[in-house]
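> I need the structure of the sequence given here:
(2 chains)
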Amino acid sequence: MIEIRWHGRGGQGAKTASLLLADAAFNTGKYIQGFPEYGPERMGAPITAYNRISDEVIRIHSNIYEPDYVVVVDDSLIDTVDVTQGLKEQGAIIINTSKKISEIAKSLKNYKGKIYTIDASKISKECLKANYPNTAMLAAIVRITNIMTKDELLNNMIESFKHKFARKPEVIEPNMQAVTRGYDEIVGGK
Amino acid sequence: MAIRERLSGNEAVATAMKQINPDTVAAYPITPSTEIPQYFSNFVSNGTVTTEFIPVESEHSAMSACIGAAAAGGRVMSATSSQGLALMFEMLYIASGMRIPLTLICGNRALSAPLNIHNDHSDAMGVRDAGFIQLYCENNQEAYDNTIMAVKITELTKIPVMVCFDGFITSHSVENITLMENEEVKNFVGEYKPTEYLLDEKRNISMGPLALQKDYYKFRVDLANAMRNSKDIILKVSKEFEKITGRNYGLYEKYMMDDAEYGIIVLNSTAGTVKDTVDNLRKKGIKAGVLKLRTFRPLPFEELPKELTNLKALAIMDKCDSVNGYSAPLFSEITSAMYTASLNVPTVNYIYGLGGSDVKSTDIEEVFENLQNIAKNKKIDNVTYYLGLD
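As a prediction, the model looks like this:
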């Protein structure tokens, strides 16, 4: 079983991204859980969401305390939230940021696992002309966790975008570009 | 053919309601079950169902409208949580006292104050003496299945049924689920043919009239007997359901209980976490087991003690508190059933997860550790614990 914890800010789509990831994994035949931790919901407030992905039935119903992977949708959270708390050493953290990995590593004191970065906000602004980093982040976490191949991801996403954007077909292609670039442009992992 | 899907608990229940296509749904929105009437009103406006949807101005009115529609002869459903259920309190007794068949979905949530939107069982436990059958659900699959079975159970028993599942943990968590085909659900619930109803033009009847002293007394004893007899009907409906779906439901589910030395009794989503913990402990040679109650009403008071005879120690877990200075409802009632069955197993009460406080595997390990100590020392220092508060 793979356990993933998402950190984002209210309004950035971390919850949606966790549900999209659950969807994509479901479509490749997995058992999934996707659930947000609801608090006082306000735009900009830190929020947490979770995924479990497994080949077997998932019975546990608690939050995730020792995730295999952590996804940080907003790098300003690193200073206020202990994003690596409980993160397994053989796991990895992936952060949406324009900063260099060496710079990020300094902020993540005591963390010895792998660090990946992706400038998902830049990708989003270039592809979608707006800051919706979750699509590129989703592709990045799929690549790192290896829960499906790139082709499976792309096939999955185009189907879900066709459904989601049935009335705005012109945004499907830019979203697919964001997915592809999210998958391709990850750095780090050493 | 079964349909592989992934849905949240609220989506699952709304889907079941869509497939049931009841005559009337009257509801007032309240977190965390708001999405149920929300999704359902979409089905109504899209014409997917032919239900009369009544968007009332309060839960008291929701239950009143449900009672009226059911008394008139309709198949009726509603959904609520927490304060909404509390506001229905008066009308719940009227529904059961009038032997009105209806299905009430309860997304379990804590009661104020302090204000809290998260899960515990204070709401459903607060109406435990209201004369409703209460079915509890571990996950979205059970919420879906029990919603479908509830319709048959309420119509055959003439006792209103509550389907309880954990707010947020189940209502808002997306998980895999196996759905039935529309036709399968339609055939399973069948066409509702009430035997006595107000809109029967061939027969004039009165419902809910004055019944003083002994007449009232007899009505109440009838209700108590009906509740006792409902066990057989619940089991019969569950058997029929199993024939179609392959999914087996009893009055409770045992997991690794037959040779267990240390047992936990628990409701709803925490049962899944306990099962995982039991597996881990079994790998270490510790004979742990769990019994998950499906029907708290009716209470399987004859069956439960028989399942507990091999235990060296038992923990009964309550996600609510009776605030009686001693213990909580599950503990009080099950230990009472054990006492009258002359079963003396050292038993403690764990109150846990109030206001949605998360329950981890390590919390459950702590419970089993305490049970091992109790068995070893052959004495109980303390009966009531508050899990996860140090």
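
> buried residues, stretch B:52-72. List them.
Neighbour counts using 16 or more other C-beta atoms under 10 Å in any protein chain shown place B:53-54, B:56, B:59-72 of stretch B:52-72 among the buried residues. Using the backbone N, CA and C atoms, a C-beta is placed for each residue, glycine as well.

> can you confirm B:Phe53 is in a strand?
Yes - assignment of B:Phe53 by DSSP: H, G, I helix; E, B strand; the rest coil places it within a strand.

> which residue is the nearest non-sequential neighbour of it?
B:Val44 (4.4 Å; C-beta to C-beta, 6 or more residues apart in numbering or on different chains).

> and the strand or helix carrying that neighbour, what does it pack onto?
Following DSSP states H and E, one finds B:Val44 within helix B:35-46. Packing contacts for helix B:35-46, counted by 3 or more C-beta pairs under 8 Å, 6 or more residues apart in numbering or on different chains; DSSP states H and E, involve helix B:9-20, strand B:24-27, strand B:52-55.

> ok, residues contacting the second one?
Think strand B:24-27. B:17, B:36-37, B:40, B:44, B:51-56, B:61-63, B:65-66, B:69-70, B:74-80 (C-beta atoms under 8 Å, 6 or more residues apart in numbering or on different chains).

> what's the mean pLDDT across it?
Averaged across strand B:24-27, pLDDT comes to 98.

> same check on the last one?
Along strand B:52-55, the predicted local confidence has a mean pLDDT of 98.

> and the strands in the stretch 51-200 of chain B?
B:52-55, B:76-80, B:103-108, B:133-137, B:161-166, B:174-179 (DSSP state E, counting those that start in this stretch).

> return the residues of chain A in contact with chain B.
Within reach of chain B by C-beta under 8 Å from any C-beta of the partner chain, chain A has these residues: A:19, A:22-23, A:26, A:31-36, A:38, A:57-63, A:65.

> mind listing the helices for chain B?
B:9-20, B:35-46, B:59-71, B:82-97, B:122-126, B:140-157, B:182-189, B:213-245, B:270-283, B:303-307, B:329-340, B:361-377 (DSSP state H).

> follow-up on the earlier one: the residues of chain A next to chain B in strands, which ones?
Among these, the residues falling in strands (DSSP state E) are A:31-36.

> distance between the ends of stretch B:375-388?
22 Å (C-alpha to C-alpha, to the nearest Å).

> now do stretch B:372-386
18 Å.

> swap in stretch B:312-331?
End to end - C-alpha to C-alpha - stretch B:312-331 spans 17 Å.

> which positions in it come out as buried?
B:312-322, B:327-331.

> so of the residues you listed, which ones are in strands?
Checking those against DSSP E, those in strands are B:313-318.

> between the residues you listed, which is nearest B:Glu261?
Using C-beta to C-beta, B:Ala313 comes nearest to B:Glu261 of these, at 7.6 Å.

> wait, A:Lys114 touches A:Ile95, no?
No - using C-beta atoms under 8 Å, A:Lys114 makes no contact with A:Ile95, being 11.4 Å away.

> more neighbours: which of those two?
Comparing A:Lys114 with A:Ile95 by other C-beta atoms under 10 Å in any protein chain shown, the one with more neighbours is A:Ile95, at 28 against 18.

> can you tell me the average pLDDT over the helix or strand hosting the more buried one?
Element membership for A:Ile95, per DSSP H and E: strand A:92-96. For strand A:92-96, the mean pLDDT works out to 97.

> reformat the helices of chain B as JSON lines; add mean pLDDT.
JSON lines is the format used below for these (pLDDT from 0 to 100):
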{"stretch": "helix B:9-20", "mean pLDDT": "98"}
{"stretch": "helix B:35-46", "mean pLDDT": "98"}
{"stretch": "helix B:59-71", "mean pLDDT": "98"}
{"stretch": "helix B:82-97", "mean pLDDT": "98"}
{"stretch": "helix B:122-126", "mean pLDDT": "98"}
{"stretch": "helix B:140-157", "mean pLDDT": "98"}
{"stretch": "helix B:182-189", "mean pLDDT": "98"}
{"stretch": "helix B:213-245", "mean pLDDT": "98"}
{"stretch": "helix B:270-283", "mean pLDDT": "98"}
{"stretch": "helix B:303-307", "mean pLDDT": "98"}
{"stretch": "helix B:329-340", "mean pLDDT": "98"}
{"stretch": "helix B:361-377", "mean pLDDT": "98"}
